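Colleague: Here is my input, please return the structure:
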Amino acid sequence: MQSKRPLSSTSIAALIFTLFHQTISDAKALHAHCSPSSCGDIQNISHPFRVQTDPRHCGDRRYTLSCENNLTTTVLYLFSIKFYVKSINYNNYTIRVVDPNFLKDNCSSLPLYSFPVYNFRRYYDAAYSTYIYKGNDEYWNSVTLSEVITFLNCENPVNSPLYIPTTPCISSKTSSWDLYGRPEAQYSYVINGGTAASELKDSCRIELMVMTSSQEIVRKKSNISYVDIHNEMSNGFELSWLQSYAKIGEGRCYVDDSNNTVQCSSLYYPACDPWRLTHPPCGIYKKILRMFEDSLIALATIVEVLIGLDLLAIVLLWLVPKTVLGTPCVIAFLIYKWRRRHLSTYDVIEEFLQSNNNLMPIRYSYSNIRKMTMGFKDKLGEGGFGSVYKGKLRSGRLVAIKMLEKTKANGQDFINEVATIGRIHHVNVVELVGFCVQRSKRALVYDFMSNGSLDKCIYCQEGNNSLDYKKLYKISLGVARGIEYLHRGCNMQILHFDIKPHNILLDENFVPKVSDFGLARLCPLDKSIVSLTAARGTMGYMAPELFYRNIGGVSYKADVYSFGMLLMEMASRRKNLNAVAEHTSQIYFPSWVYDQIIEGNDLQMEDAITEEESKIRKKMIIVALWCIQMKPSDRPSMNKVIQMLEREIESLQMPPKPFLCPEQKSVEDVGETSNSKCSTIPSEDDDNEEMSLFLNSNDNNKFADVKGKLKVHIC
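Modeller: Numbering: from 1, shown residues only. Okay, here's the model as predicted:
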């Protein structure tokens, strides 16, 4: 009887390639049925770009363009910021965009937001700010599409060829581009191209970073005026969409010049350079590399032969060394494991830092940390992670230093912080200045926030002057923009999972900063649902799907829910759950305030406010009620939350009541309600189809007893 032979690795690889090739062919055939679109001066808009009026299957939704100003202007939104599209080049896969605030004939015009090149770089390369091609040789070549122009304010004049004065276009007395509201410095400069930390003068501070695609301007370090630089910046900058063709595991994509097609590879070699060890060697070194490659192929062949040996032969080959060397090997292994247990956390962190050596934050030694804090003299606070101390850098900049004394999960909380905020820059996300890793000593260095955390400002306490509603509204809008940037502003989606007042810091001008990324997760932009081994977050702000998985998958909508609970507390200036409330109906504030709005009653609270503030508070509450809907699919995205907060209150619709079975039940009603069905709620994400939600029969009755006053039933 002939035995069945398993498929060889070659056969499996061929099968996978065939299926993958068929999938790509089907996708291309689908896009082939889409007619090109046009808007203003931009003609023949095709895949991966699409306009909002195109059919759903056309183009890539991440590359959606809008046609504005009576269909004369093509607009691309990047990180929720508007850019005009100047051209799309399908030959070299680039798009040129410009900030609408740039005016060609007005050299004092500047964009409102800082836009460094790092926003378009993945954490391990420069994927969207470079154009990669492969010529007749066997190596890839890269062309930098965009570089950065750095704007600075300085207290003292700087005499350096790198510092180009912006006068008379921009002066400290006439400029309005200090984004953070600090007192304006006396002198304004720009640095042409990237700048190292050593080139930044102590009296200067970076205020704005703008991208340009003029390589001639960047290379021309002298004999250049600010007017020349501004004219080039007003022409916009180029970005490449080559990386959009990459599938999971394919690494980098490039243009093959031989046939002008896009290819993707998990291996990426830059141009040959014999003088750099990080590049593939040339000449004799190249031959040596090839020799090692041939040896590896021979070794792989030997391994494949060994796998084909008879099982008995393998057992015999294993038993002989086991008998002779068994005991010493076991002892050596136990010693190895004992040492690794003490060093594993440090090694995990070191391995992460070594593989991500392009991080923007500075790595400090532990002795530097001690000097900054003057021996940990000024303690700002303490939490479950450890303690926070006030410190000062040599430049005089104040910082807050978090000592991670109780790190967990093999240092994963430390890695989460550095991997997320270590690579991003946004006005509403706390800036990570640096970090320290020295064996068991771990520290994170942040900008110092003089007004502390938001929780100290929103809860009414005696002797504490809380913020007015206009200021609270601006803070809520800033927090929403920060979270929206985390969700859509980077190449990887960042899910925070711990949005709460304590993790929102306020600088000297009450500009909010989202902080504490210890529970954050990095996910691909195209991955809508993430898998978690355990619920994470803070009770009272955690989304219900983290506990009840059958009401929806865990996604970025979990952060939307947490923001809704935060926004509700900001609007009410109290905790959402208050067991000592005067009336039992007010114990759970969202339920009470929803009924008040539906019945048309005035929101009678303890504080006396004006009519304008009352409208602001009501708008914040309505938006919060949308955010805390039970089903994730019923919650808006953070982009839509920002739009709702910016609208007039008259244009907002009331959402459904934010829980599925709103009636209050007591423990005695369990037998009568155990089979009750939940209310039907329309879902935006499912084309307004009505969907009924049923929980597992084992979870039908969950009760929370708040000091005996109320039993809340969740169906």
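Colleague: For Gln596, what is the enclosing helix or strand?
Modeller: Assigned by DSSP states H and E, Gln596 belongs to helix 589-598.
Colleague: hmm, which helix or strand of this structure has the shakiest average pLDDT?
Modeller: Every helix and strand of the chain was ranked by mean pLDDT, DSSP states H and E. The lowest is strand 690-691, at a mean of 28.
Colleague: Tell me if Ile642 really is in a strand.
Modeller: No: assessed with DSSP: H, G, I helix; E, B strand; the rest coil, Ile642 is helix; it does not lie in a strand.
Colleague: pLDDT (mean, whole number) over stretch 542-555?
Modeller: If you average the pLDDT over stretch 542-555, you get 84.
Colleague: and that stretch, which residues are buried?
Modeller: 542-546, 548, 551-552, 554-555 (16 or more other CB atoms under 10 Å). C-beta: built from backbone N, CA, C; applies to glycine.
Colleague: what's near enough to touch Thr373?
Modeller: Taking CB atoms under 8 Å, 6 or more residues apart in numbering, we find Thr373 in contact with 389-391, 401.
Colleague: try 7 Å this time
Modeller: 389, 391, 401 (CB atoms under 7 Å, 6 or more residues apart in numbering).
Colleague: just the helices in the stretch 1-150 of the chain please.
Modeller: Counting by DSSP state H, counting those that start in this stretch, the stretch 1-150 of the chain has helices at residues 9-32.
Colleague: Run through it and note the low-pLDDT ranges.
Modeller: Under the criterion pLDDT under 70, the flagged ranges of the stretch 1-150 of the chain are 1-32, 116-143.
Colleague: Let's see that with 50 instead.
Modeller: Applying pLDDT under 50 to the stretch 1-150 of the chain flags residues 1-28, 122-127.
Colleague: Just the pLDDT for Ile335.
Modeller: Confidence score, pLDDT, at Ile335: 70.
Colleague: what number of residues lie near it?
Modeller: The number of residues packed near Ile335 is 10, by other CB atoms under 10 Å.
Colleague: Is it within a helix or a strand, and which one?
Modeller: Element membership for Ile335 (DSSP H and E) is helix 311-355.
Colleague: about what we covered before: which of the contacts of Thr373 lies closest to Asp105?
Modeller: Taking CB to CB as the measure, Asp105 lies nearest Gly391 of these, at 46.8 Å.
Colleague: Relative to Asn509, how far out is that closest one?
Modeller: In this view, Gly391 and Asn509 are 21 Å apart by CB to CB, to the nearest Å.
Colleague: any low-confidence regions in the stretch 351-500 of the chain?
Modeller: For the stretch 351-500 of the chain, residues meeting the criterion pLDDT under 50 lie at 353, 356-359, 409, 462-463.
Colleague: which residues of it fall in strands?
Modeller: Here the stretch 351-500 of the chain has its strands, by DSSP state E, counting those that start in this stretch, at 362-364, 379-382, 386-392, 398-404, 432-438, 441-447, 492-495.
Colleague: tally of neighbours for Leu200?
Modeller: There are 17 residues near Leu200, going by other CB under 10 Å.
Colleague: for it, phi and psi?
Modeller: phi -90, psi 120 (degrees, to the nearest 10).
Colleague: Which strand residues bridge the closest residue to it other than its chain neighbours?
Modeller: For Leu200, ignoring the flanking residues on the chain, the nearest one in space by CB to CB, 6 or more residues apart in numbering is Ile206 at 7.3 Å. Beta-bridge partners recorded for Ile206 (DSSP bridges): Leu152.
Colleague: So Ile206 versus Ile622, what's the distance?
Modeller: Taken as CB to CB, the span from Ile206 to Ile622 is 39 Å.
Colleague: so can I have JSON lines of the strands of the stretch 351-500 of the chain showing mean neighbour count and distance to Leu519?
Modeller: Formatted as JSON lines, those follow (neighbours: other CB atoms under 10 Å; distance: least, CB to CB, whole Å):
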{"stretch": "strand 362-364", "mean neighbour count": "16", "distance to Leu519": "23"}
{"stretch": "strand 379-382", "mean neighbour count": "12", "distance to Leu519": "18"}
{"stretch": "strand 386-392", "mean neighbour count": "19", "distance to Leu519": "15"}
{"stretch": "strand 398-404", "mean neighbour count": "21", "distance to Leu519": "14"}
{"stretch": "strand 432-438", "mean neighbour count": "21", "distance to Leu519": "16"}
{"stretch": "strand 441-447", "mean neighbour count": "23", "distance to Leu519": "14"}
{"stretch": "strand 492-495", "mean neighbour count": "22", "distance to Leu519": "9"}
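Colleague: so which of those comes closest to Gln596?
Modeller: Among these, strand 492-495 sits nearest to Gln596 (CB to CB), with 32.9 Å.
Colleague: and that closest one, what does it pack onto?
Modeller: When contacts are defined as 3 or more CB pairs under 7 Å, 6 or more residues apart in numbering; DSSP states H and E, strand 492-495 sits against strand 521-524.
Colleague: got the contact list for the strand it packs on?
Modeller: With CB under 7 Å, 6+ apart as the test, strand 521-524 has contacts from 419-420, 492-495, 497, 530.
Colleague: okay if I get the residues you listed as JSON lines plus distance to Ser240?
Modeller: Rendered in JSON lines, the data for those read as follows (distance: CB to CB, whole Å):
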{"residue": "Ala419", "distance to Ser240": "24"}
{"residue": "Thr420", "distance to Ser240": "24"}
{"residue": "Met492", "distance to Ser240": "18"}
{"residue": "Gln493", "distance to Ser240": "21"}
{"residue": "Ile494", "distance to Ser240": "23"}
{"residue": "Leu495", "distance to Ser240": "27"}
{"residue": "Phe497", "distance to Ser240": "32"}
{"residue": "Val530", "distance to Ser240": "28"}
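Colleague: and which of those residues is nearest to Ser614?
Modeller: Phe497 (33.3 Å).
Colleague: residues touching the closest one, list them.
Modeller: Contacts for Phe497 (CB under 7 Å, 6+ apart) come out as 519-521, 536-537, 558-559.
Colleague: can you do 6 Å?
Modeller: Listed by CB atoms under 6 Å, 6 or more residues apart in numbering, the contact set of Phe497 reads 519, 536-537.
Colleague: That one and Phe79, how far apart?
Modeller: Phe497 is 21 Å from Phe79, by CB to CB.
Colleague: quick one on the thing from earlier: please narrow the buried residues of stretch 542-555 to those residing in helices.
Modeller: Using DSSP state H, no member of the buried residues of stretch 542-555 falls in helices.
Colleague: Look up how far Gly452 lies from the residue nearest to Gly478 when sequence neighbours are not counted.
Modeller: Spatially, and ignoring its direct neighbours in sequence, Gly478 is nearest to Pro512 (4.3 Å; CB to CB, 6+ apart). When distance is defined by CB to CB, Pro512 is 12 Å away from Gly452.
Colleague: more crowded one of these two?
Modeller: More crowded of Pro512 and Gly452, by other CB under 10 Å: Pro512, with 26 against 14.
Colleague: Report how many residues lie close to Ile191.
Modeller: The tally of other residues near Ile191 (other CB under 10 Å) stands at 21.
Colleague: May I have whichever strand or helix holds it as PDB, with CA atoms only?
Modeller: Element membership of Ile191 [criterion: DSSP H and E] is strand 187-192. Once non-C-alpha atoms are left out, strand 187-192 reads as follows in PDB (Å, rounded to 0.1, in the frame of the first residue of the first chain):
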ATOM      1  CA  TYR A 187      14.100  87.300  16.900                       C
ATOM      2  CA  SER A 188      12.700  85.000  14.300                       C
ATOM      3  CA  TYR A 189      14.700  82.600  12.100                       C
ATOM      4  CA  VAL A 190      14.300  79.600   9.900                       C
ATOM      5  CA  ILE A 191      16.700  76.700   9.400                       C
ATOM      6  CA  ASN A 192      16.800  75.300   5.900                       C
END
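Colleague: helices or strands next to it in the packing?
Modeller: The contact analysis (3 or more CB pairs under 6 Å, 6 or more residues apart in numbering; DSSP states H and E) places strand 187-192 against strand 147-154, strand 163-165.
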